[in-house]
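[1] Sequence and computational prediction follow.
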Amino acid sequence: MPIVAVDDTDSRERGMCTTYVATRIAERLADAGGRVRRRLLVRLNPAVKHKTRGNAAVALHVSGVDAGGAEAVAVEAVEEFAAASDPRTSPGVVVAGLDAAGDPFDATGSPIPEAVAAFARRALRERLSVAEAVGLADEHGFRHAAVGPAGGADATEAVAGRGRIGALAAVGATAAFDDWTFERIAYRELDRCGTPREVGVESVFAAAEEGYPTVWDTVDRETGAAVCVPNAPGPILYGIRGDDADACRAVAAAVDGERVDRAATFLTNQGTDAHLAPGRIGDLRDGAGYRVVGVVASATETKRGGHVHVEVAGDRGAVGAGSGEAGSGEESDADRLRAVAFAPTGRFRDRVRALRPGDRVTLCGEHEVRDDADGPESTLKLEKFAVRDLVRTAPAVPACPECGRSMSSAGRDQGYRCRDCGTSAPGKIEEPIERDLEAGWYEVPPSARRHVAKPLVRGGFDAPTHPER
């Protein structure tokens, strides 16, 4: 049962889409007598700089054709449809001709080698090389091909078939991940690509309301955006995501608009947080996604452009998201992380602005190391966060129990006294304060959510959730 995988066929400027290319491959495999048993849409590390927006690879699980024939069909389709004229596009194909008759989802006998599954897991959190992908494919006898020009965003990336990295990861995905969702993708006619999409927004909102919460991230109700309709110049008309394939198809069928040329349903790791790993503030890699625990160490600051910044220190006692891991006892008070809610996250920034020094939190997002005048700066680009413990009081000058007026300082380390009544107090008191946050999880709105990030509405979180719709 071959697995045919492809990646890096699209372009930021010239369009195309790897899922579309894979759909054309699937049609040609069917014409050759094959049967596509499963279509996988696998999102990879969202921090990779040369990616197009979604950083997706696709794998087709096929029966009825051999690996050699499947490779020939795939390469021919990639040569025809990929945006290979873009020097930053570097398509690659991998075909795993697996001998085992078992289904790759069978927990008792997966034919996918563990080394390939491990490669897939790393592809969500690391930057991997073509050389490693090719070496691993060769080691296991997988067929692979570089299609079109070398590609690469710069001289160090100018290696033919960079898409083989994502393609090999897509081969290993079913053995690497255990949380899956669905996406129903409708494609427009190719000659309409680059023209405005004709989609009835009212029908999208009505269908989204009917399908929610099983179907999610279809629209953003606060901004009025039809999130399922992309802006890129590719062939996707809209994509409907959710936890049930039939529900996704039903919502897609209820959308009015221009003629749908073809459509396909993918099993996908979208909406699963597969890119996030437990981490510790002060010990994070650049370009990887993490879930970290900490304590707010500064007042929030809104900087130029509307981005909201807050300093967070390592917290030895906080509990991590979903895994129950506690903050490490090795955490140093000197460890600091700058958490940022960028302007496109909209109203999510108000949640971040409501944090106060001393609040204990769990943060999720992509870690980036930036150099500034004072040296490297550790930044986490927030996708969601959980409030674990809120500061509920603030120091206040005591009031005189006799007259009710605020007392005055009696001098350094001498407490406070009322000048009129002569009463005294040893120091400030803790006074209750109102908070605009509650304990639990907060997330960016659908219009700002990464494909792989898990929406709170899917559940499975370790605290109350406050989903964005």
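    Done, it's in.
[2] Contact partners for Thr272?
    Remark: with contacts taken as C-beta atoms under 8 Å, 6 or more residues apart in numbering, Thr272 is in contact with Phe177, Asp179, Trp180, Thr181, Val452, Lys454. To be clear about C-beta, it is placed using only N, CA and C from the backbone, and glycine gets the same treatment.
[3] Using TSV, lay out those residues together with secondary structure, pLDDT and distance to Pro446.
    Listed next are the contacts of Thr272 as TSV, based on DSSP: H, G, I helix; E, B strand; the rest coil; pLDDT from 0 to 100; distance: C-beta to C-beta, whole Å:
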residue	secondary structure	pLDDT	distance to Pro446
Phe177	coil	95	22
Asp179	coil	96	19
Trp180	coil	97	20
Thr181	strand	98	14
Val452	coil	96	14
Lys454	coil	98	12
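[4] Filter those down to the buried ones.
    Buried members of those, scored by 16 or more other C-beta atoms under 10 Å, are Phe177, Trp180, Thr181, Val452, Lys454.
[5] Closest one to Gly440 out of the contacts of Thr272, please.
    Gly440 has its nearest neighbour among these in Lys454, at 14.8 Å by C-beta to C-beta.
[6] State the pLDDT value of the nearest residue to Cys400 once chain neighbours are set aside.
    In this structure, Cys400 finds its nearest non-sequential neighbour in Cys418, 3.8 Å apart by C-beta to C-beta, 6 or more residues apart in numbering. pLDDT, Cys418: 92.
[7] Cys418 against Ser409, yeah?
    No. Judged on C-beta atoms under 8 Å, Cys418 makes no contact with Ser409 at a distance of 11.6 Å.
[8] In PDB, could you pull the C-alpha coordinates for stretch 414-423?
    Presented in PDB, the C-alpha positions along stretch 414-423 are these (Å, rounded to 0.1, in the frame of the first residue of the first chain):
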ATOM      1  CA  GLN A 414       7.800  53.900  60.700                       C
ATOM      2  CA  GLY A 415       4.500  53.000  59.300                       C
ATOM      3  CA  TYR A 416       1.500  55.400  58.900                       C
ATOM      4  CA  ARG A 417      -0.400  57.700  61.200                       C
ATOM      5  CA  CYS A 418      -3.400  60.000  61.100                       C
ATOM      6  CA  ARG A 419      -2.300  63.600  61.700                       C
ATOM      7  CA  ASP A 420      -5.700  64.600  63.000                       C
ATOM      8  CA  CYS A 421      -6.600  61.600  65.200                       C
ATOM      9  CA  GLY A 422      -3.100  60.400  66.200                       C
ATOM     10  CA  THR A 423      -4.000  56.800  65.200                       C
END
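[9] ok so, going back, any chance of the contacts of Thr272 in a markdown table, with distance to Cys17 too?
    Listed next are those as a markdown table, based on distance: C-beta to C-beta, whole Å:
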| residue | distance to Cys17 |
| --- | --- |
| Phe177 | 22 |
| Asp179 | 24 |
| Trp180 | 20 |
| Thr181 | 18 |
| Val452 | 17 |
| Lys454 | 23 |
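[10] secondary structure class for Phe205?
    Reduced to three states with DSSP: H, G, I helix; E, B strand; the rest coil, the structure at Phe205 is helix.
[11] sorry, back to before: which of the contacts of Thr272 lies closest to Arg221?
    Ranked by distance to Arg221 (C-beta to C-beta), these are led by Lys454 at 19.1 Å.
[12] need the contact list for that closest one.
    Neighbour list for Lys454: Gly271, Thr272, Asp273, Gly460 [criterion: C-beta under 8 Å, 6+ apart].
[13] burial count for the last one?
    To tie it back to what came earlier, the one meant is Gly460. A total of 11 residues lie near Gly460 under the criterion other C-beta atoms under 10 Å.
[14] got it, and Ala247?
    For Ala247, the neighbour count with other C-beta under 10 Å is 18.
[15] Also Glu189?
    Burial of Glu189 is recorded as 14 neighbouring residues (other C-beta under 10 Å).
[16] for it, what are its contacts?
    Shown in contact with Glu189 (C-beta under 8 Å, 6+ apart): Arg259, Asp261.
[17] Next one: it from Gly234, what distance?
    Remark: distance between Glu189 and Gly234 (C-beta to C-beta, to the nearest Å) = 12 Å.
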